[in-house]
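Visitor: Sequence first, predicted coordinates after that:
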Amino acid sequence: MKEECLICKAPLEYLDADEMMECAICHKKENSKTRCIHGHYVCNDCHTAGMDTIIGLCLAESSKNPVEIIEKMMALPFCHMHGPEHHVMVGASLLTAYKNAGGAIDLESALAEMMNRGKSVPGGACGFWGACGAGISSGMFVSIISKSTPLSQQPFALSHRMTAKSLGAIGEIGGPRCCKRDSFLSILSAIDFVKEYFGIEMEKPDIVCTHSSQNNQCIGKRCPFAKANHKST
């Protein structure tokens with residue numbers, strides 16, 4: 001297998017119900033439905049160790065292209081093919097591109113808030129909650145730039161509509177999971193949404209996937225970003 005269990009590389013298995021598991025790295029005990037077939041469990045904190053490096057990357061970034069920005073994050077050592085790091089990275093790349101395209105936000109504080117919110121969405125949310133963390137991250141992004149709270153009116157509506165737009169795009173493709181595909185779908189949805197509702201135009205590239213060789217569950221030509229669907233590249 002190319003990349004599954006971070007300890008032994010064996011395939012993962014998903015249980016029907018939570019079980020108490022001990023992280024093979026930090027030995028923290030918590031409930032989870034996910035482990036490898038040899039019994040190894042890695043908690044979200046250990047899986048995303050080093051993710052705070054994206055804040056420095058984003059603060060030094062000048063690009064208006066959130067796909068370009070998240071690709072740089074995906075190339076960092078902390079990022080795996082799949083994992084809850086994407087629940088932060090989608091929103092962080094969008095916040096950075098939004099700021100660089102003229103959005104009026106304090107980027108450093110916005111990134112810190114995105115980190116805090118995104119890390120609260122666990123791995124496996126796509127399958128167990130019916131809501132992919134990458135899609136939720138795009139809603140968090142809109143919530144942050146619009147300063148939404150549970151008592152807001154328009155910002156509350158916009159952040160929900162953003163999440164729904166991303167999840168709709170993800171649902172149209174279907175499973176199995178691909179954190180890269182779902183991140184790209186969420187970012188593209190957000191680029192259009194922000195242009196329409198906030199008047200800020202981020203760059204929207206044509207995306208050709210370079211990660212399929214690391215994805216054991218790649219759906220091939222069914223993916224809109226598959227190289228086979230971009231014959232001119």
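Guide: Arrived safely. Numbers count the residues shown, from 1 in each chain.
Visitor: drop to CA atoms for contacts and neighbour counts, all remaining ones
Guide: Noted.
Visitor: what's near enough to touch F198?
Guide: Shown here is F198, which makes no contacts under the criterion C-alpha atoms under 8 Å, 6 or more residues apart in numbering.
Visitor: typo on my end, it should be I105
Guide: 99, 145.
Visitor: wait, is it part of a helix?
Guide: No - the assignment for I105, made by DSSP: H, G, I helix; E, B strand; the rest coil, is coil rather than a helix.
Visitor: quick one: it from A112, how far?
Guide: 12 Å (C-alpha to C-alpha, to the nearest Å).
Visitor: How about M51?
Guide: 12 Å.
Visitor: out of those two, which sits in the busier spot?
Guide: Using other C-alpha atoms under 10 Å as the criterion, M51 and A112 rank with M51 on top: 20 against 14.
Visitor: helix, strand or coil for S138?
Guide: Assignment for S138 (three-state DSSP): helix.
Visitor: what are the phi and psi values for the residue nearest the centre of the chain?
Guide: By C-alpha atoms, centre = their mean, the mean C-alpha position of the chain lies nearest to H86, the distance being 2.8 Å. Main-chain dihedrals, H86, degrees, to the nearest 10: phi -70, psi -20.
Visitor: what sits against the closest residue in space to it that isn't next to it in sequence?
Guide: Nearest in space to H86, with sequence neighbours left out and distances taken as C-alpha to C-alpha, 6 or more residues apart in numbering, is A134 at 6.0 Å. By C-alpha under 8 Å, 6+ apart, the residues touching A134 are 86-88, 90, 179, 182-183, 186.
Visitor: And those, which is closest to K99?
Guide: For these, the minimum distance to K99 (C-alpha to C-alpha) is 14.4 Å, reached by V90.
Visitor: can you pull out the strands in the chain?
Guide: 12-22, 29-36 (DSSP state E).
Visitor: Which other helices and strands does the shortest one contact?
Guide: The one in question is strand 29-36. strand 12-22 (3 or more C-alpha pairs under 8 Å, 6 or more residues apart in numbering; DSSP states H and E).
Visitor: Partner strands of the strand it packs on and their direction?
Guide: strand 29-36 (antiparallel) (DSSP bridges).
Visitor: So which bits of the strand it pairs with are buried?
Guide: For strand 29-36, burial by neighbour count (16 or more other C-alpha atoms under 10 Å) applies to 32-36.
Visitor: Same check on stretch 45-61?
Guide: Buried residues in stretch 45-61 (16+ other C-alpha under 10 Å): 45, 47-48, 51, 54-55, 58.
Visitor: Just the CA coordinates for it, please, in PDB.
Guide: Output of stretch 45-61 as PDB, limited to C-alpha atoms (Å, rounded to 0.1, in the frame of the first residue of the first chain):
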ATOM      1  CA  ASP A  45      -3.100  15.900  16.900                       C
ATOM      2  CA  CYS A  46      -0.300  13.500  16.000                       C
ATOM      3  CA  HIS A  47      -1.500  13.100  12.500                       C
ATOM      4  CA  THR A  48      -1.300  16.900  11.900                       C
ATOM      5  CA  ALA A  49       1.900  17.500  13.900                       C
ATOM      6  CA  GLY A  50       3.800  20.400  12.200                       C
ATOM      7  CA  MET A  51       0.700  21.900  10.600                       C
ATOM      8  CA  ASP A  52       1.300  25.200  12.300                       C
ATOM      9  CA  THR A  53       4.000  25.800   9.700                       C
ATOM     10  CA  ILE A  54       1.300  26.800   7.200                       C
ATOM     11  CA  ILE A  55       0.700  30.100   9.100                       C
ATOM     12  CA  GLY A  56       4.200  31.300   8.200                       C
ATOM     13  CA  LEU A  57       3.800  30.100   4.700                       C
ATOM     14  CA  CYS A  58       0.500  32.000   4.300                       C
ATOM     15  CA  LEU A  59       1.800  35.300   5.800                       C
ATOM     16  CA  ALA A  60       4.700  35.300   3.400                       C
ATOM     17  CA  GLU A  61       2.500  34.400   0.400                       C
END
